[in-house]
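Student: take this sequence and fold it.
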Amino acid sequence: MAASAHATAAFPEKPIKVVIGFPAGGPLDQHARLLTDKLQAVLGQPVLVDYKPGAGGSVGADAVAKSPADGYTLMLANTGVAVINGALYSKLPYNTLKDFTPIARTAMQPLALLVTPKLPVNSLQEFVRYAKARPGQINYGSAGNGGISHLVPEMFKTATGLFMVHIPYRGSAPAFTDLMGGQVQFMAESIPQAANYHKQGKVRALAVTSAARNPALPDIPTVIESGIKGFEVVGFYGFLAPAGTPKDVVAKLSDAFKQVLTSPEVRDRMVSQGADPAFLDSEDFARFLAVETPRWEKAVKASGAKMD
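Tutor: Got it, this is the predicted structure:
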């Protein structure tokens, strides 16, 4: 016991590495850099970001799962890496619930449901009525098969009984272009981009997918307020370590993230990047993952999406 207590008191004694399974410059990278800057001050050691892109984040996740369980290699995961990939890839080299120890959930990412301004609808109820009268004639765009912008509309279809056609794009930028032009009529997208285009009148936001309204779109109701009971679907970011990481090391890391997320500067910058600060400690994050995993598996199955 004394040796374990000494290990915690001494941890960390060297730099900590945060692995991201995507290229530099994306939203996950922005999130990592915002937190690691402050994390270094709390932990007293450098925190380095390491990119291992490939297979929807699976390459990076596999590398972390196989790393020593000592707290010095962490993964920053998004919804896809943590709870969607398991249902999407038939030969996934890791299992989130078995191969990782959750450290902290750091953010939630609500989405906005958008339509092209060319549609004669101004509310979600109006859109549902409009789409129901035109089964198979409404197309929705996404940033690609199996991602959150594909699966949230699939969940919406299930909740409303709508028949809409999925048009996958290579990223959200070309999908947005076609939404603005009216080639696709509907889309689910993260709040900052959605709010920006909505304010310019290029798209029309009808609802947000969180339980509460979003400060970036204060006049836009939630999906639940719009009459679809229980529809709360948000993406998330969180940090995980290899399974078997000592509990005292996990607690120290989790507490460090909690401290960082109390900084008003960090919270403001997170919100501007489209992520709402939403800390959960290790145990609560583990419970959250256990609930979210089957929920997203169901959405993947309903969508018919498969990646290999």
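
Student: now do the helices in the protein.
Tutor: For the chain, the helices defined by DSSP state H cover 2-10, 27-43, 58-65, 79, 85-88, 96-99, 124-132, 148-160, 172-181, 191-199, 247-260, 264-272, 282-303.

Student: buried ones in the third one, by neighbour count?
Tutor: Going back to what we said before, that points to helix 58-65. By neighbour count on 16 or more other C-beta atoms under 10 Å, the buried set for helix 58-65 is Ser58, Val59, Gly60, Ala61, Asp62, Ala63, Val64, Ala65. Backbone N, C-alpha and C define where each C-beta goes, glycine included.

Student: closest to Asp268 among those residues?
Tutor: Gly60 (28.2 Å; C-beta to C-beta).

Student: now do the contacts for that closest one.
Tutor: Val19, Ile20, Gly21, Phe22, Tyr51, Lys52, Pro53, Gly54, Met75, Val81 (C-beta atoms under 8 Å, 6 or more residues apart in numbering).

Student: turn those residues into a markdown table, including pLDDT and neighbour count.
Tutor: Below are the contacts of Gly60 laid out as a markdown table (pLDDT from 0 to 100; neighbours: other C-beta atoms under 10 Å):
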| residue | pLDDT | neighbour count |
| --- | --- | --- |
| Val19 | 98 | 24 |
| Ile20 | 97 | 24 |
| Gly21 | 94 | 26 |
| Phe22 | 91 | 21 |
| Tyr51 | 96 | 18 |
| Lys52 | 96 | 18 |
| Pro53 | 93 | 14 |
| Gly54 | 91 | 14 |
| Met75 | 98 | 30 |
| Val81 | 96 | 26 |
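
Student: before we move on, back to that, and the helices of the chain: which comes nearest Gly235?
Tutor: Per C-beta to C-beta, nearest to Gly235 of the helices of the chain: helix 79, 4.1 Å.

Student: mind checking how far the closest one is from the chain centre?
Tutor: Its chain's C-alpha centre and that of helix 79 lie 4 Å apart, by C-alpha atoms, centre = their mean, to the nearest Å.

Student: so what does that helix touch, helix or strand wise?
Tutor: Using 3 or more C-beta pairs under 8 Å, 6 or more residues apart in numbering; DSSP states H and E as the contact test, no helix or strand touches helix 79.

Student: where in the stretch 1-150 of the chain is pLDDT low?
Tutor: Residue ranges of the stretch 1-150 of the chain with pLDDT under 70: 1-8.

Student: what residues are up against Gln183?
Tutor: So Gln183 contacts Asn139 (C-beta under 8 Å, 6+ apart).

Student: could you measure from it over to Tyr140?
Tutor: 11 Å (C-beta to C-beta, to the nearest Å).

Student: ok, Val233 - contacts?
Tutor: Counted by C-beta under 8 Å, 6+ apart, Val233 has contacts Leu111, Val152, Met155, Thr209.

Student: equivalent analysis for Pro135, please.
Tutor: Leu162, Phe163.

Student: repeat the analysis, applying 10 Å as the threshold.
Tutor: By C-beta atoms under 10 Å, 6 or more residues apart in numbering, the contact set of Pro135 is Gly161, Leu162, Phe163, Met164, Val165.

Student: quick one: these as JSON lines, columns for neighbour count too.
Tutor: What follows is these, written out as JSON lines (neighbours: other C-beta atoms under 10 Å):
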{"residue": "Gly161", "neighbour count": "10"}
{"residue": "Leu162", "neighbour count": "20"}
{"residue": "Phe163", "neighbour count": "13"}
{"residue": "Met164", "neighbour count": "21"}
{"residue": "Val165", "neighbour count": "13"}
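
Student: the residues you listed: which two are farthest apart?
Tutor: It's Gly161 and Val165 that sit farthest apart of the contacts of Pro135, by C-beta to C-beta, at 15.1 Å.

Student: contacting residues for the residue nearest to Asp281 when sequence neighbours are not counted?
Tutor: Using C-beta to C-beta, 6 or more residues apart in numbering and skipping the chain neighbours, the partner closest in space to Asp281 is Ser254 (4.9 Å). By C-beta under 10 Å, 6+ apart, the contact set of Ser254 is 102-105, 239, 241, 279-285.
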